Each structure stands twice: as C-alpha cells, then as structure tokens.
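**Q** how would this look folded up:
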Amino acid sequence: MAKKWYTLRVYSGQENKVKAHLENAIEHKQMQDSFGRIIVPSEPVLEMKDGKKRLKNKVFFPGYILIEMDYNTKTAHLVQEIPGVLGFVGPKNNPEVVRPEEVEAVLRKVERPEAEVERVEVPFQIGDLIRVVDGPFADFTGVVEEINEEKKKVKVSVSIFGRPTPVELDFLQVQLEK
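**A** Okay, here's the model as predicted:
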C-alpha cells in the first residue's frame, strides 16, 4: 500500500519532542518501510530579545505534525502509543488523508533556505511601553503608536521636555519595558 500524509494532533509546544519519540519508536520496532517523512511545519524567524537578533524556529500550526505513512492498525497503534500524541485528525479509525497539494504548499514553505529569512517577530504591540536602547533617544521610554513590519520600524511617542513627541525607530533600537 502506498504511503499517504496524515495530520497528527499533539500537545502544543511538544511537536519536536513527539517527532523525536516517533522516529526512535519507528527505528526501534524496525518499521521504517511503513513510514516516510515526519514534518513539524515551522520556519526560521528572527526574534528580537534584549536588543539582540536571535534565530528561532516558529511553528506554523502549533499542536500539529504531518506524517507520511502506510496507515494500518499496526502503524496507527505505534503512533498512538507515543507520549504527547492526542490522535489523528479525523474519525477514530479512519483519519483524514491530507491532499497532496496541501502537503506541497507546506513543504515549499518549510524547505525554504535560511538565507531568505527576513521576517522579524515583533515582540511588542500598539500601546506597549518600550525603552529606547540605541540612538539619540537611548534610555527614553515611550508608548508604541504604529508598527511597520515591512520596514522594521516602530513609531514611538517619547516625552521630550514634557511634550509627547513621535519618533520613528528601528526594531533593533527598542525593547519592551518590563
């Protein structure tokens, strides 16, 4: 029987741990022929923390894993026994098969080279209190008024001589006030 793609529900935040457990169990039971790829749909994202850029893997669908397998009672039982697995998406003994075009779309997004990583995760929202950490307004605090993710800029209302003054700053120049 040909392998098909299925979606597994897992505990959110445990996707990579479940994937590792699955791979170990498949190898231990020598069932590699019944399984294909196991994918945690994620992409590398630049995250700003304490004024520093860090590369972090951000999961697209928290709580879900794509698994390519030959579905039968033996393989289904192996998967269900893994700690952190809640079950397959779909009816109990007849899980839904993921359409090939959906899998391809996810794979295209996941298999992008890291050189293309430009998306910066914005650690603040409009109305948040922030501290300027770099530039002529360093050590000033202000309130976020606008966020321009495309330009990686933030407009902050900073109090200068007792008057609120809007200042446009780079994401790297500000951090969330604790």
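**Q** surely Phe60 touches Pro41?
**A** Yes. Counting by C-beta atoms under 8 Å, a contact exists between Phe60 and Pro41, whose distance comes to 4.3 Å. Yep, even glycine has a C-beta here, placed from its N, CA and C like the rest.
**Q** between the two, which one's more packed in?
**A** Pro41 (20 against 12; other C-beta atoms under 10 Å).
**Q** export stretch 86-99 as CSV, just CAs?
**A** C-alpha atoms of stretch 86-99 as CSV (Å, rounded to 0.1, in the frame of the first residue of the first chain):
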residue,chain,number,x,y,z
LEU,A,86,-3.5,13.1,21.1
GLY,A,87,-4.5,11.3,17.9
PHE,A,88,-5.1,11.6,14.2
VAL,A,89,-7.2,14.4,12.7
GLY,A,90,-10.5,12.8,11.5
PRO,A,91,-12.7,10.0,12.6
LYS,A,92,-11.2,7.5,15.1
ASN,A,93,-10.4,4.5,12.8
ASN,A,94,-10.4,6.4,9.5
PRO,A,95,-8.2,9.5,9.7
GLU,A,96,-8.4,12.2,7.0
VAL,A,97,-5.7,12.0,4.3
VAL,A,98,-4.0,15.3,3.7
ARG,A,99,-4.4,16.3,0.0
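**Q** what touches both of Phe60 and Pro41?
**A** Residues within reach of Phe60 and of Pro41 at once, by C-beta atoms under 8 Å, 6 or more residues apart in numbering, are Val106, Lys109.
**Q** the bottom helix or strand of this structure by mean pLDDT?
**A** For the chain, scoring each helix and strand by mean pLDDT, DSSP states H and E identifies strand 120-121 as the least confident one, at a mean of 64.
**Q** work out for me the element Thr75 sits within.
**A** Remark: Thr75 resides in helix 73-80, with elements defined by DSSP states H and E.
**Q** who are the packing partners of the next helix or strand after that helix?
**A** On the C-terminal side of helix 73-80, the nearest following helix or strand under DSSP H and E is strand 85-88. In terms of contacts (3 or more C-beta pairs under 8 Å, 6 or more residues apart in numbering; DSSP states H and E), strand 85-88 is packed against strand 4-10, helix 73-80.
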